[in-house]
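>>> one predicted model, sequence on top.
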Amino acid sequence: MRLLEKIKIKNKTCPSSLAAAITLIVLVGLLFAGFYILIPFIIKEIEVISAIDPTLYANALETWLQQVDLYLYEYGFLKENEHVSDILLAQMNSFISTISLSNLAGNLFSFIGALFILVFAVIFLSFFALKDKEIFFKMIRRAIPVSFRDNYDRILAQTRVQVVRYFAGVFIDNIIVGVAIGLACYFANIPNAILIGVLTGIFNIIPYVGPFIAMGLGLVISITSLLPANPTVEMLSLLLWKMAIIFAVIKAIDMFVLSPIIFGKSVQVHPVEIFIVILLAGYLGGMTGMIFAVPAYSMIRIIVKEFFGNYYFDNEGMR
């Protein structure tokens, strides 16, 4: 947006409305391009799963369930006449009986309608937020008492810098982790390495637990890709160990090297402080709380420093 506004043609600058429109078109185009690149991988995965013959794995599944039964009998979790397969089948039938096709169709149409409204609202508000950069901040400023408006201006100026730095750091960290996981899976001959790297980069926005969710999804994707080739137990075990080692090593580097450097410098908060804040936010707000924990905490620190700086802060930071 700023770059477009700097462009001059015959001493005329680009109008803010046109610059905002071009910016949004570029952003939406990048999102669609990302989905377009991923769609072939997803379609291929669906084709592989649909081509799997369940009868080929019936005996292996039955043997595995029998081993689970013996283990549960040994430790007293199952009675003699009970079987894990019967319990799973009963739960599946119970779940299927609760599904109503009419309700499912209605919920699907409601979801599509809500998604369309959400996308339209985001694009509409983003356009005017870019075109009239101060419109929302001015609306808030008018609602604040005059005696606190100078404090609000200072808080806003500092918060903007901190939030931009934080999300820029998140973006950089996600790209580094996603590329590293994708390359490591590729050189380890793990199927669908690119898709696993992309999923890891996306889920890495969830602090600490995100990459492990991506690992679980990646493991499912890799196993389903190998099923048509009748993989042995040793092959699946080797795949699991490869992915576990790759994710553990790269996540450890991310946690102890990348994250402290990127986030510590971006929000100027100690890594231990960030860790505690994320844990508390996860306990109170789940994954959503973990995603927004650090910028929210950073903003709270700025507000506290502005109004109570004499009590909690010195010239170098928090006392």
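Yes, it's here. Numbers count the residues shown, from 1 in each chain.

>>> what about Val277, how many neighbours?
When neighbours are counted by other Cβ atoms under 10 Å, Val277 registers 20. (Each C-beta comes from the backbone N, C-alpha and C, glycine too.)

>>> right, and it touches Phe292 too?
No: the pair Val277 and Phe292 fails to qualify as a contact (Cβ atoms under 8 Å) at a distance of 10.7 Å.

>>> okay, how far is it across stretch 88-107, tip to tip?
Using Cα to Cα, to the nearest Å, the span of stretch 88-107 from its first residue to its last is 26 Å.

>>> let me see the mean pLDDT of it.
What stretch 88-107 shows for mean pLDDT is 66.

>>> ok, now stretch 192-208?
The average pLDDT within stretch 192-208 is 83.

>>> again, but for stretch 133-151
81.

>>> what does it contact?
128-129, 152-153, 156, 306-307 (Cβ atoms under 8 Å, 6 or more residues apart in numbering).

>>> quick check, central residue of the protein?
Centroid-nearest residue in the chain: Phe203, 3.3 Å away (criterion: Cα atoms, centre = their mean).

>>> tell me the contacts of that one?
So Phe203 contacts 210-211, 213-214, 217 (Cβ under 8 Å, 6+ apart).

>>> which one of those is nearest Phe77?
For the contacts of Phe203, the closest approach to Phe77 (Cβ to Cβ) belongs to Ile213, at 27.4 Å.

>>> Ile206 is in contact with that closest one, correct?
Yes: with contact defined as Cβ under 8 Å, Ile213 reaches Ile206; the gap is 7.0 Å.

>>> let's see which of the contacts of stretch 133-151 end up in strands.
Here DSSP state E is the test, and these give no hits in strands at all.

>>> can I get those in JSON lines with distance to Ile7 and neighbour count?
Converted to JSON lines, those look like this (distance: Cβ to Cβ, whole Å; neighbours: other Cβ atoms under 10 Å):
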{"residue": "Phe128", "distance to Ile7": "21", "neighbour count": "13"}
{"residue": "Ala129", "distance to Ile7": "21", "neighbour count": "14"}
{"residue": "Tyr152", "distance to Ile7": "33", "neighbour count": "17"}
{"residue": "Asp153", "distance to Ile7": "30", "neighbour count": "13"}
{"residue": "Leu156", "distance to Ile7": "28", "neighbour count": "16"}
{"residue": "Glu306", "distance to Ile7": "37", "neighbour count": "16"}
{"residue": "Phe307", "distance to Ile7": "41", "neighbour count": "13"}
